[in-house]
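A.B. asks: Sequence and predicted structure, then a few things I'm wondering about:
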Amino acid sequence: MTDLAPFTTLLDLDTGELTRDSDTVVARRLADLTGLFLHETDTDPERLVYRVFPVEVPPTNANLLHSITVLEPGRVGDEYFMTKGHFHAVRDRAEIYLGLSGTGRLVMATEDGRSVVEPMHRGTLNYVSGGWAHRSVNVGDGPLVFLAVYIGDAGYDYATIEREGFPVRVVEGSDGPVVEPNPRYRANAS
Ligand SMILES: [Fe+2]
């Protein structure tokens, strides 16, 4: 048990803004996402794609880490802006997403190649079971904002996704977002 006093954070349900100023905001720009998109186009590498605002608690299995993610709208080629995506380093750790604003898709996949794509919007409560990698994709015109809550010692394994990708990708079709097989899935795997 850690000696952590109970506390309350105020969250603006529309913008995702937190009253606690966090000095560990994670900001990912296109330059940080090289290799993520199938067709990389000549886009400004400084363009902001997403920010994560964590509420700081000790990263142990006695605590629940939580954070707000603001994922900007945009595309690279036909592919919507998305987060890097990760497995948890401790594979069996689960996570919950609560959609606050915007329109998105939550892409999830197992190490044996199964995939599930779920909707994200205000009010969606997505359960990411242990063992499933997860990536959010903004398919709308405004920011996609959501709350994530997960077991504190989960950790992040980005490397597996960087190497193998997800089995599917979400692209803009003539009638809206389309989920299609990722031709590069495991293409770089040894
Ligand atoms: Fe996670």
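C.D. replies: Nice, thanks for sending it over.

A.B. asks: roughly how far apart are residue 82 and residue 149?
C.D. replies: Separation of residue 82 from residue 149 (Cβ to Cβ, to the nearest Å) stands at 20 Å. From N, CA and C alone the C-beta is placed, and that goes for glycine too.

A.B. asks: okay, the two: which has more neighbours?
C.D. replies: Here residue 82 and residue 149 are compared on neighbour count by other Cβ atoms under 10 Å; more neighbours surround residue 82, at 27 against 14.

A.B. asks: quick one, helices of this protein?
C.D. replies: Assigned by DSSP state H, the helices in the chain fall at 159-164.

A.B. asks: what about the strands in it?
C.D. replies: Read by DSSP state E, the chain holds these strands, from start to end of the chain: 26-29, 48-55, 64-71, 75-76, 79-80, 95-101, 103-109, 115-121, 125-128, 133-138, 144-151, 168-173, 176-181.

A.B. asks: closest one to residue 160 among these?
C.D. replies: Between residue 160 and the strands of the chain, the shortest separation by Cβ to Cβ is 7.3 Å, and it involves strand 133-138.

A.B. asks: model confidence over the closest one, on average?
C.D. replies: pLDDT averaged over strand 133-138 equals 98, rounded to a whole number.

A.B. asks: list the contacts for residue 51?
C.D. replies: When the contact criterion is Cβ atoms under 8 Å, 6 or more residues apart in numbering, the partners of residue 51 are 25, 26, 27, 28, 69, 70.

A.B. asks: Check the contact between residue 64 and residue 148; I expect there is one.
C.D. replies: No - with contacts counted by Cβ atoms under 8 Å, residue 64 stays clear of residue 148, the gap being 10.2 Å.

A.B. asks: which one of those two has more residues nearby?
C.D. replies: Set side by side, residue 64 and residue 148 give different neighbour counts by other Cβ under 10 Å, the larger being at residue 148 (19 against 13).

A.B. asks: Identify the bridge partners of that one.
C.D. replies: Beta bridges link residue 148 to residue 67, residue 97, judged by DSSP bridges.

A.B. asks: go on, residue 168?
C.D. replies: Applying DSSP bridges, one finds that residue 168 bridges with residue 181.

A.B. asks: State the distance from it to residue 177.
C.D. replies: Relative to residue 177, and taking Cβ to Cβ, residue 168 is found at 12 Å.

A.B. asks: returning to that earlier point: make a ChimeraX selection of whichever of the contacts of residue 51 turn out to be buried.
C.D. replies: Those of these that meet the burial criterion (16 or more other Cβ atoms under 10 Å) are gathered into one ChimeraX selection, given here:
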select :28,69,70
